[in-house]
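Visitor: output the structure for:
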Amino acid sequence: MIDLPNSIEWELLAEHHRSLSSTHLQELFNNDPQRGNTLSVEFGELYLDLSKQIITEETLDLLVNFAERAELTTHIEKMFTGEIVNPSEGRPALHTALRSSNNSPIEVNGIKISELIDSAFDDCTEIVRRLHSSEWFGATGKAVTTVVNLGIGGADLGPSMALNALRPYMQTSIDCRFVSNVDPVSLQEQLSDITPATTLFIINSKSFSTQETLSNADAARDWLQKKLGTGKEVIEKHILAVTGNKQGAKEFGLPNENILPIWDWVGGRYSICSPASLILQIGIGVENFRMMLDGFSQIDNHFRTANFRNNIPVLMALVGMWNRNFLGFNSLAVIPYANALSQFPGYLQQLEMESNGKSVHLDGTGVEHETSPIVWGGVGTDSQHSFFQFLHQGTTITPVDFIAFCNPVKPLPKSNEADRQDQLLANCLAQGQALAMGSNKGGIDEISNESFSNIRNTDGNRPSTTILANTLSPYSLGQLIGLYEHKVFVQGVLWQINSFDQWGVEYGKTLAKSIIPNLVQSTPSLPTVNSSTDSLIAQYHRWRKR
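Guide: Numbering: from 1, shown residues only. Model prediction:
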């Protein structure tokens, strides 16, 4: 493994940082009046503006040199061609094959994966067709009108976020719902106003062993059987599964034709283009889903072939690494100026922090530099009235990704005044400018007491990236998600970590399994873990009402 943190390329970046550390963004714009154009890149329906990041063209040259030193091109090809890029689990990461427009010749375990993908999507298409045409009948002969997705993590965050984003493209009257939390209230709320006879559940679990999902699945099956009986037709007509553990689904009672596959070469947080998004296909229709895949495919091709200086995912990753490792910023705020993307920051939390929240290199040695930032955020303009004060004047500087769209999905009534879309974009642009340039004029209104003038001053020099798109469509959403997927992969390569495992998460699940028996039994009998857990279990039993 190349010793990247001790390479000459890393040291040149560190030296460049020292020379740039006292330079304000205002000065950078003054020195280059065309900076907004020279540090922007357009591809497809995305326009990336990096001009308000604390970088120069020299910074990008040095970062590109570092990426080349890290043999990034080689790593990209390894991922796309099915080589093992997840060494701790001995797996490739072939989520890109799910949206490939080519008949991919890649084989895994001697099987051509394009055939597996085509077969699975054909099955999804038939399910969608039957639901949309009211031909999927429940045990009582009534057509299904409600679909409930039972899943957590990648089996929930991606499909839920995308369906919320693409509500204007809904093609059916089917009521699509999601239950992820094992909190009993979560499932109860969703079942309270629907009818078992017209409800279909999708158990969305790659392993078919995820505790939260299987607990909800058991509860959903009990709910169906109490209302519809215990005959096998109840499960056959009211429950599907998307899983890589076909045997586990069969043991649950599902027939082969009710089980859709997901493969171990598709990670959960990268599974939005797989059958794990069956409920998304039901919601927006197969045609719109395919348009989303086309958006992914276009960004995949761009990422794979464009030179690094014009490669949007690579540039995003390089600037993110610069902010994390050289400027010392430990978080990233993601602010979409589109209410439909309200779940996007939460989706990125899993994508980025589960992928790159690592402290061990690929070779097992400890990481000596920072890796994933904390990802958080909210929707503009709402978030301007909650945490933007912190962004503008807080003692911790947080880079921001602004995401905005030029056109609403549905045209607004014409008006001579600025319409709400204009207002929305004006707010987005104003916030980016204010963070970058700051203000030392004491605010808009006159202040009689000079001693309070600094209260309104903002220093600026707070970096942000703006991603501008035409409109929020299935195609542009695919491009946007693909952009962040590949950004995360590039940063994993640069930090020399495995972006495709999540052993920290797995350990917590294992501990939970060992604690459950002590919570179920009124008199805990299993070996203790520590005095804190013991005392909390004891208090739980004192208050627990059964």
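Visitor: give me the element residue 202 is part of.
Guide: strand 199-204 (DSSP states H and E).
Visitor: pull the distance from that strand to the chain's centre.
Guide: Offset of strand 199-204 from its chain centre (CA atoms, centre = their mean, to the nearest Å): 22 Å.
Visitor: got it, and stretch 229-244?
Guide: Relative to its chain's centre, stretch 229-244 lies at 30 Å (CA atoms, centre = their mean).
Visitor: ok, now stretch 217-232?
Guide: On CA atoms, centre = their mean, the centre of stretch 217-232 falls 33 Å from that of its chain.
Visitor: likewise stretch 534-546?
Guide: Distance, centroid of stretch 534-546 to centroid of chain: 36 Å (CA atoms, centre = their mean).
Visitor: and if you look at stretch 82-95?
Guide: Chain-centre distance of stretch 82-95: 20 Å, with CA atoms, centre = their mean.
Visitor: so for it, mean pLDDT?
Guide: Taken as a whole, stretch 82-95 has a mean pLDDT of 95.
Visitor: which stretches of the stretch 101-250 of the chain form helices?
Guide: Secondary structure of the stretch 101-250 of the chain by DSSP state H, counting those that start in this stretch: the helices cover 113-132, 157-165, 184-191, 211-228, 232-238, 246-252.
Visitor: would you tell me which of those gets closest to residue 466?
Guide: Among the helices of the stretch 101-250 of the chain, the nearest to residue 466 by CB to CB is helix 157-165 (18.8 Å). In short, each C-beta sits where N, CA and C put it, glycine included.
Visitor: between the helix or strand of the chain with the lowest mean pLDDT and helix 211-228, how many degrees?
Guide: Across the helices and strands of the chain, mean confidence by mean pLDDT, DSSP states H and E is lowest for helix 503-520: a mean of 85. The directions of helix 503-520 and helix 211-228 differ by 50 degrees, with axes from the mean of the first three to the mean of the last three CA atoms, to 10 degrees as the criterion.
Visitor: sorry, back to before: for the helices of the stretch 101-250 of the chain, which one sits closest to residue 329?
Guide: With CB to CB as the criterion, residue 329 lies closest to helix 157-165 of the helices of the stretch 101-250 of the chain, at 24.6 Å.
Visitor: other residues contacting the closest one?
Guide: Identification of contacts with helix 157-165 by CB atoms under 8 Å, 6 or more residues apart in numbering yields 149, 151, 176, 178, 180, 204, 269, 271-272, 276-280, 283-284, 292, 338, 340-344, 346-347, 350, 472, 477, 481.
Visitor: ditto for stretch 125-141
Guide: 143-144, 147, 171-172, 174, 196-200, 228-229, 231, 233-234, 237-238, 240, 278, 281-282, 285-286.
Visitor: so what's the residue count around residue 248?
Guide: Using other CB atoms under 10 Å, residue 248 has 18 other residues around it.
Visitor: how about residue 96?
Guide: There are 27 residues near residue 96, going by other CB under 10 Å.
Visitor: next, count neighbours for the closest residue to it other than its chain neighbours.
Guide: Take residue 96 and drop its neighbours on the chain: the residue closest to it by CB to CB, 6 or more residues apart in numbering is residue 300, 5.0 Å away. A count of nearby residues for residue 300, using other CB under 10 Å, gives 24.
Visitor: for stretch 127-134, give the mean pLDDT please.
Guide: What stretch 127-134 shows for mean pLDDT is 97.
Visitor: what's the answer for stretch 171-185, then?
Guide: Stretch 171-185 shows a mean pLDDT of 93.
Visitor: list the buried residues in it.
Guide: Going by neighbour count (16 or more other CB atoms under 10 Å), the buried part of stretch 171-185 is 172, 174, 175, 176, 177, 178, 179, 180, 182.
Visitor: and stretch 74-85, by the same measure?
Guide: Under the neighbour-count criterion of 16+ other CB under 10 Å, stretch 74-85 has 75, 76, 78, 79, 80, 82, 85 buried.
Visitor: quick one, what contacts residue 116?
Guide: By CB under 8 Å, 6+ apart, the residues touching residue 116 are 261, 263.
Visitor: again but with residue 41, I slipped
Guide: Contacts of residue 41 by CB under 8 Å, 6+ apart are 47, 48, 50, 310, 312, 315.
Visitor: not counting sequence-adjacent ones, nearest residue to the fourth one?
Guide: The spatially closest residue to residue 310, leaving aside those adjacent along the chain, is residue 41, at 5.6 Å (CB to CB, 6+ apart).
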